[in-house]
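Participant: Build the 3D model from these lines:
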Amino acid sequence: MRVKPSRTTRRPPIALRLHKADTQEPDRILAACAGDEAARDWIVRHYTPPIYRFCYRLLRNEQDARDVSQETLLRVLRNLHRYDPKHRFTTWAFTIARNACIDLQRKRKRIGPWTDREVVDTAPSPLAQTQQRIRAERLERALQELPDMYREILVLYHFEHLKYTEIAAVLDIPLGTVMNRIFRARRKLRVIYEDQEAS
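Facilitator: Modelled structure (predicted):
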């Protein structure tokens, strides 16, 4: 029997981040491509956090994520002349980050341990904060049990808020595959999460 959750027990299946759109980003990107040092510095500051989060969830190791994030930003800056302004810069940068993660995994033939947890939100009361932390940790554990192809697509969609078309470009797969894979990934994640909750 399905029980409709009350307002006090409802919990989001995925903790989402909300990003404010930067209306000056296109101009900054073009300036960086033209060699403007301040604009290049802005790219590093603006893109380091999301690229690090993405790498961290794929590699499951803090030091590896730092190294790959740094390598990604270096590749981005070195190859700005190859960036096509017709496409979204975020998609291009995440494609480079994903390729850097794959390069590291192939090179080391290993996956590091999950070393710490990220609590996305804060709560007003200690009890609510503890419950939220437990749910966030359980969600992260469930996420890590997913096969790589499901984990990376959920990270791109739910945590980094890429559109279906952008995910298709990053992963180099058809749009229909993106939609199908997100559906399957959510279903698998829910099963894993609920199994953890029941145990």
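
Participant: what helix or strand is the residue found closest to residue 149 once you drop the neighbours it is linked to in the chain on?
Facilitator: Using C-beta to C-beta, 6 or more residues apart in numbering and skipping residues adjacent in sequence, the residue nearest residue 149 is residue 181, 6.6 Å away. Every C-beta, even on glycine, is put in place using the N, C-alpha and C of the backbone. For residue 181, the enclosing helix or strand under DSSP states H and E is helix 175-198.

Participant: What is the burial count for the residue nearest to residue 149?
Facilitator: Neighbour count of residue 181, defined by other C-beta atoms under 10 Å: 19.

Participant: doesn't residue 151 make contact with it?
Facilitator: No - contact between residue 181 and residue 151 fails when scored by C-beta atoms under 8 Å: they sit 10.7 Å apart.

Participant: pull the helix or strand with minimum mean pLDDT from the protein.
Facilitator: helix 126-145 (a mean of 76; mean pLDDT, DSSP states H and E).

Participant: next one: stretch 151-170 to chain centre, how far?
Facilitator: In this view, stretch 151-170 has its centroid 8 Å away from the chain centroid, taken as C-alpha atoms, centre = their mean, to the nearest Å.

Participant: for stretch 54-67, same thing?
Facilitator: On C-alpha atoms, centre = their mean, the centre of stretch 54-67 falls 11 Å from the chain's centre.

Participant: Could you export that stretch as CSV, keeping only the C-alpha atoms?
Facilitator: C-alpha atoms of stretch 54-67 as CSV (Å, rounded to 0.1, in the frame of the first residue of the first chain):
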residue,chain,number,x,y,z
PHE,A,54,31.7,16.4,-11.0
CYS,A,55,35.1,14.8,-10.9
TYR,A,56,34.7,14.0,-7.2
ARG,A,57,31.5,12.0,-7.8
LEU,A,58,33.0,10.2,-10.7
LEU,A,59,36.3,9.3,-9.2
ARG,A,60,35.2,9.0,-5.5
ASN,A,61,38.5,10.3,-4.3
GLU,A,62,39.2,13.8,-3.0
GLN,A,63,42.9,14.0,-4.1
ASP,A,64,42.1,12.5,-7.6
ALA,A,65,39.3,15.0,-8.0
ARG,A,66,41.5,17.9,-7.2
ASP,A,67,44.2,16.7,-9.6
